[in-house]
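K.L.:
what would the 3D arrangement of this be:
(2 chains)
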2 protein chains.
Amino acid sequence: MQFSAEFAAEFEQLLRWRRDVRHFRKEPVPEDLFRHILATACLAPSVGLSQPWRFVRVDEPGRRLAVRDVFRRCNAAALSAQAPDKAGLYARLKLAGLDDAPIQLAVYAESEPAQGSGLGRATMPETVHYSVVTAVHTLWLCARVHGIGVGWVSIIEPEAVTAILDVPQAWRLIAYLCIGYPDGPADEPLLQRAGWEKRCDPAALILAR
Amino acid sequence: MQFSAEFAAEFEQLLRWRRDVRHFRKEPVPEDLFRHILATACLAPSVGLSQPWRFVRVDEPGRRLAVRDVFRRCNAAALSAQAPDKAGLYARLKLAGLDDAPIQLAVYAESEPAQGSGLGRATMPETVHYSVVTAVHTLWLCARVHGIGVGWVSIIEPEAVTAILDVPQAWRLIAYLCIGYPDGPADEPLLQRAGWEKRCDPAALILAR
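P.N.:
You can find the predicted model right below:
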């Protein structure tokens, strides 16, 4: 299986136009498409082929409100911890699409999966969690290919969300995602557009040994 | 920016033909191509746009031998810990391409990056490490687009490798990668072909709440 130069160029466009989306339209995502995106995410690499990802779709209004409250509390704490010169800008950033995104998805890791028989994770058990991150990233890219935006909400307390969602205590929350049609695509990270941070020169990140 | 149905289909082929490669040809990877792949990896998402990934290219023969020794020791320990019915199969698996891959790359996280000003990681600091995982996964996919294979070696002790590579103690090893032209592409995971494990039905991994 070989890939053409045209595909390589378009794949890079995909990477450039993937965004962490916080502005969503309320329009639902077709169920078949969402299932397809989830199935595609399961093609991600995993340590020992353990596929430790577990997807929890959050639809119940009471649970959604409770998660939003966790986010608001954590975000208020983060705002009050900002340096004075950053606080005004921080307060104006929109950091989650929890009010509008039609789909909310909590992605968990089963930390001790039977599948894979433990291969590859004796000395680096964190690779189980990293496997779930690659599934989230695969989901993210696949969604963007199909015009669907994804936003990763990390300003939450994992234990609080896990209690709200009533999932096994041994599972570890890796990501809480908002998913839906984006309200306007962009090729520049929102934090860069908003003046919070900008990308650095890749050459500065490489060492030789 | 919209993506065509043809691109969507080819993107899924990329996911299906990405492999954890352990069999490499010794032929070098063109330097320009490798630099391009690293730069592309830096388009990955990162918490607060912190870009906490640090790439350490390992070329020095002494350091490579020392890393290989760490792998051999850890792999011998893993073999001796196998259940009797799995030990024979485990012993026959090739789990790293450290002898042949022309490029070895250790990928680290700077756990407390200045870039990003801490945004998004107060309650989930592990998202810094997860950001580096998405960079590794982006590198992996971009390499495969260009016909280059990547193998993630996790059967190592991170502390031992970090001591060998003489990098800042505050950095955390996320992945040790072998990179080069694969000795024969495949659309099926090696662990599945070898009878160690097989992929499960994605529908079994979805809960509703």
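
K.L.:
give me the three-state assignment for the residue positioned nearest the centre of chain A.
P.N.:
Against the mean C-alpha coordinate of chain A, by C-alpha atoms, centre = their mean, the closest residue is residue A:152 at 3.5 Å. At residue A:152 the chain is in strand, as set by DSSP: H, G, I helix; E, B strand; the rest coil.

K.L.:
show me the beta-bridge partners of it.
P.N.:
For residue A:152, the beta-bridge partners are residue A:177 (DSSP bridges).

K.L.:
quick one: pLDDT of it?
P.N.:
Residue A:152 carries a pLDDT value of 98.

K.L.:
next: the one 10 residues further on.
P.N.:
Reported pLDDT at residue A:162 in the predicted model: 97.

K.L.:
for it, which non-adjacent residue is spatially closest?
P.N.:
residue A:173 (5.6 Å; C-beta to C-beta, 6 or more residues apart in numbering or on different chains). Bear in mind the C-beta positions are built from the backbone N, C-alpha and C, glycine included.

K.L.:
wait, a strand at the one you found?
P.N.:
Yes. Remark: residue A:173 belongs to a strand, assigned using three-state DSSP.

K.L.:
and residue A:51, how close does it get to chain B?
P.N.:
Summarising the geometry, the distance separating residue A:51 from chain B, computed by C-beta to the nearest C-beta, to the nearest Å, is 6 Å.

K.L.:
residues near the residue nearest to residue A:162, how many?
P.N.:
Burial of residue A:173 is recorded as 22 neighbouring residues (other C-beta atoms under 10 Å in any protein chain shown).

K.L.:
chain A: helices as residue ranges?
P.N.:
Defined through DSSP state H, the helices belonging to chain A, from first to last, are A:5-17, A:31-41, A:61-80, A:84-92, A:127-145, A:158-165, A:190-193.

K.L.:
return the most buried member of those helices.
P.N.:
For these, average neighbour numbers computed from mean count of other C-beta atoms under 10 Å in any protein chain shown are highest in helix A:127-145, which has a mean of 25.

K.L.:
is residue A:110 in a bridge, and if so with what?
P.N.:
Beta bridges link residue A:110 to residue A:171 when assigned by DSSP bridges.

K.L.:
surely it meets residue A:169?
P.N.:
No. Counting by C-beta atoms under 8 Å, no contact exists between residue A:110 and residue A:169, whose distance comes to 11.6 Å.

K.L.:
ok, the two, which is more surrounded?
P.N.:
Each of residue A:110 and residue A:169 had its neighbours counted (other C-beta under 10 Å), and the higher figure belongs to residue A:110 (19 against 8).

K.L.:
any idea how far residue A:196 lies from residue B:43?
P.N.:
Separation of residue A:196 from residue B:43 (C-beta to C-beta, to the nearest Å): 18 Å.

K.L.:
repeat for residue A:139
P.N.:
As defined by C-beta to C-beta, residue A:139 lies at a distance of 17 Å from residue B:43.

K.L.:
now do the contacts for the closest residue in space to residue A:200 that isn't next to it in sequence.
P.N.:
Of all residues not flanking residue A:200 in the chain, residue B:51 sits nearest, at 5.8 Å (C-beta to C-beta, 6+ apart). Contact partners of residue B:51, counting by C-beta atoms under 8 Å, 6 or more residues apart in numbering or on different chains, are A:199-200, A:205, B:42, B:113, B:115-116, B:131.

K.L.:
check residue B:51 and give its pLDDT.
P.N.:
The confidence metric pLDDT takes the value 97 at residue B:51.

K.L.:
what pLDDT does the residue lying closest to residue A:126 once chain neighbours are set aside get?
P.N.:
Nearest-residue entry for residue A:126: residue B:129, 7.4 Å, with adjacent residues in sequence omitted and distances by C-beta to C-beta, 6+ apart. Model confidence at residue B:129, expressed as pLDDT, equals 98.

K.L.:
got it, and residue A:204?
P.N.:
The predicted structure scores residue A:204 at 89 on the pLDDT scale.

K.L.:
what's the burial count for it?
P.N.:
The criterion is other C-beta under 10 Å. On that basis, residue A:204 has 9 neighbouring residues.

K.L.:
likewise for the one 4 residues further on?
P.N.:
The local packing of residue A:208 (other C-beta under 10 Å) involves 9 other residues.

K.L.:
any idea how far it is from residue A:109?
P.N.:
Here the criterion is C-beta to C-beta. By it, residue A:208 lies 34 Å from residue A:109.
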